[in-house]
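Trainee: Sharing a model prediction with you, sequence too.
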Amino acid sequence: MTLADVQAELLERGLRGISGKAIAQAVVAMQATRESKRLRVLTTAWDIESSIQRTKLFETMLEQDALEYVHSDAEASCFSKLLVGRTQNDLNFDIDFNIGAYNCDITSFVVSDVQLDHIEDLAHKLCLPEEDNDSDDRMEEFSKSDVDS
C-alpha cells in the first residue's frame, strides 16, 4: 500500500463521517483551491513571457541605439530606461526566478487537480448512485442546493 493509497483511504473514511452538505462544500473548496493554483500558474507563465519580450525589446533598442548613438546618445538611453525599466541582467534574473516559481506552481496545481478529482469521485460515490448517467449534473445541483441552504 502506497502513501497515496493510505491518504485516499483516510480521505474516504473522513468523508463517510460528514454530511452531504459538508461533502459538497469540500468539493467547492477544492475547486476554488485548484482554480487559484491554475491562475497562479498562468500568471507566472505570463511573467516569464513579459520578461522575455522585454528582453527582446531591450536588445532591439540596443541595436537601434548603436545605430543612432552618433545622433543622440542621451535621448535614446533615457527612452530605453523609460520603456524597458530594467537592465538586461535584471530581466534575465526575472526570467530565471519566474521559471523556478512556475515549476513550483505547476506542481502545486497538478497536485490540487488530482486532489479535486479524487474528492469529486468520492463525493459521487457517497452521495449519488454510481449507475446514474447524469451524476455530474445531479452533483452540481446537490452542491448548489446544499451550499445555498
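Mentor: That came through fine.
Trainee: Helix or strand: which one has the spatially most central residue of the chain?
Mentor: Among the residues of the chain, the one closest to the centroid is Arg38, at 2.3 Å (Cα atoms, centre = their mean). Assigned by DSSP states H and E, Arg38 belongs to helix 20-84.
Trainee: Next SSE downstream of that helix?
Mentor: Downstream of helix 20-84 (by DSSP H and E), the next one is helix 88-127.
Trainee: Just the buried residues of that following helix, please?
Mentor: 91, 94-95, 98, 101-102, 105-106, 108-109, 112-113, 116, 118-120, 122-124, 127 (16 or more other Cβ atoms under 10 Å). To be clear about C-beta, it is placed using only N, CA and C from the backbone, and glycine gets the same treatment.
Trainee: That helix versus helix 20-84: what angle between them?
Mentor: Per axes from the mean of the first three to the mean of the last three Cα atoms, to 10 degrees, the angle that helix 88-127 makes with helix 20-84 is 170 degrees.
Trainee: For helix 88-127, name the packing helices and strands.
Mentor: Judged by 3 or more Cβ pairs under 8 Å, 6 or more residues apart in numbering; DSSP states H and E, helix 88-127 is in contact with helix 3-16, helix 20-84, helix 135-148.
Trainee: what number of residues lie near Ser51?
Mentor: Ser51 has 21 neighbours, counted by other Cβ atoms under 10 Å.
Trainee: and it, what pLDDT?
Mentor: In this model, Ser51 is scored at 91, pLDDT.
Trainee: what's the distance between it and Asp94?
Mentor: Between Ser51 and Asp94 the distance is 4 Å, computed by Cβ to Cβ, to the nearest Å.
Trainee: now what about stretch 99-110, what contacts it?
Mentor: By Cβ atoms under 8 Å, 6 or more residues apart in numbering, the surrounding residues in contact with stretch 99-110 are Arg34, Lys37, Arg38, Arg40, Val41, Thr44, Ala45, Asp47, Ile48.
Trainee: Repeat that for stretch 48-58.
Mentor: In contact with stretch 48-58 (Cβ under 8 Å, 6+ apart) are residues 80, 83-86, 88, 91-92, 94-95, 98-99, 102.
Trainee: hmm, back to that, residues contacting the residue nearest to the centre of the chain?
Mentor: When contacts are counted by Cβ under 8 Å, 6+ apart, Arg38 touches Phe109, Asp113.
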